[in-house]
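**Student:** The following comprises the amino acid sequence and a computationally predicted model.
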Amino acid sequence: MSVMHVGVYCGSRERVQDSFRRLADDLGSEIGRRGWTLVYGGGSVGLMGRVARATHQHGGQVVGVIPESMDTVEVAYRDADELIVVDTMRQRKQLMDDRADAFVVLPGGFGTLEELSEVITHRYLDYHAKPVVIVNHAGFYDPLLELFDHFVEHGFAGDRYRDMYAVVEDVSGAVALLEGD
Ligand code: AMP
């Protein structure tokens, strides 16, 4: 079987609680230990940078996709095995989505939400059939998951939407799902 390419969406900001940083380290370690390849936004800051460094430290490969204009903000991770510089955010997302076999979503902010929302809607629309795993660390995503249910309860999203993503509590739950697929 070919190497699993794990797409990771997560926050890019530095000033977040330690437990979030550890989560990113854990995910990178597990990806690296399995000899998988991380596909992510290519930055060296925030949880993004931590996942990438931990993946490398544990023997995995790193593919980063970063828009040229974001290099100053997110500071491209120059040690990536492959660093793809694109023109726009849309191209970034497209390439990441093409390269990944599955998506894992760690805590993040608006950028992460935008990516998560797109990957879920695209799965619903059958643009892809890749697993989407939300790591709901310490209930971080509870308000969002409630909002998703609220969409369904009010008829703005079909019931089938609930099958478009899996929710796990921690990194080992995410890895178990990926290994099962
Ligand atoms: P955040 O969760 O806001 O820290 O952002 C996480 C990542 O999403 C960062 O790498 C952002 O640059 C990225 N991002 C923000 N908006 C978009 C977008 N429209 N398309 C693709 N990536 C985005």
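**Tutor:** Structure received.
**Student:** quick one, what contacts residue 37?
**Tutor:** Applying C-beta atoms under 8 Å, 6 or more residues apart in numbering, we find residue 37 in contact with 3, 4, 5, 6, 31, 60, 61, 62, 63, 81. C-beta here means a position set from N, CA and C on the backbone, and glycine is covered the same way.
**Student:** Of those residues, grab the buried ones for PyMOL.
**Tutor:** One line in PyMOL is enough to select the buried ones among the contacts of residue 37; burial here means 16 or more other C-beta atoms under 10 Å:
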select buried, resi 4+5+6+31+60+61+62+63
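**Student:** For residue 132, state which of the contacts of residue 37 is nearest.
**Tutor:** Nearest to residue 132 out of the contacts of residue 37 is residue 6 (C-beta to C-beta; 11.7 Å).
**Student:** Please name the bridge partners of the closest one.
**Tutor:** The residues listed as beta-bridge partners of residue 6 by DSSP bridges are residue 38, residue 102.
**Student:** What of residue 66?
**Tutor:** On the basis of DSSP bridges, residue 66 is bridged to residue 85.
**Student:** What is the burial count for it?
**Tutor:** Neighbour count of residue 66, defined by other C-beta atoms under 10 Å: 25.
**Student:** still on that earlier bit, among the contacts of residue 37, which lie within helices?
**Tutor:** Counting by DSSP state H, those place residue 31 in helices.
**Student:** Dump the contacts of residue 37 into a markdown table; add distance to the ligand as well.
**Tutor:** What follows is these, written out as a markdown table (distance: C-beta to the nearest ligand atom, whole Å):
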| residue | distance to the ligand |
| --- | --- |
| 3 | 23 |
| 4 | 22 |
| 5 | 18 |
| 6 | 16 |
| 31 | 18 |
| 60 | 19 |
| 61 | 19 |
| 62 | 15 |
| 63 | 14 |
| 81 | 19 |
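**Student:** in the chain, what spans have low per-residue confidence?
**Tutor:** Low-confidence segments of the chain, defined by pLDDT under 70, are located at 1, 181.
**Student:** What residue in it comes nearest to the ligand?
**Tutor:** residue 111 (2.2 Å; C-beta to the nearest ligand atom).
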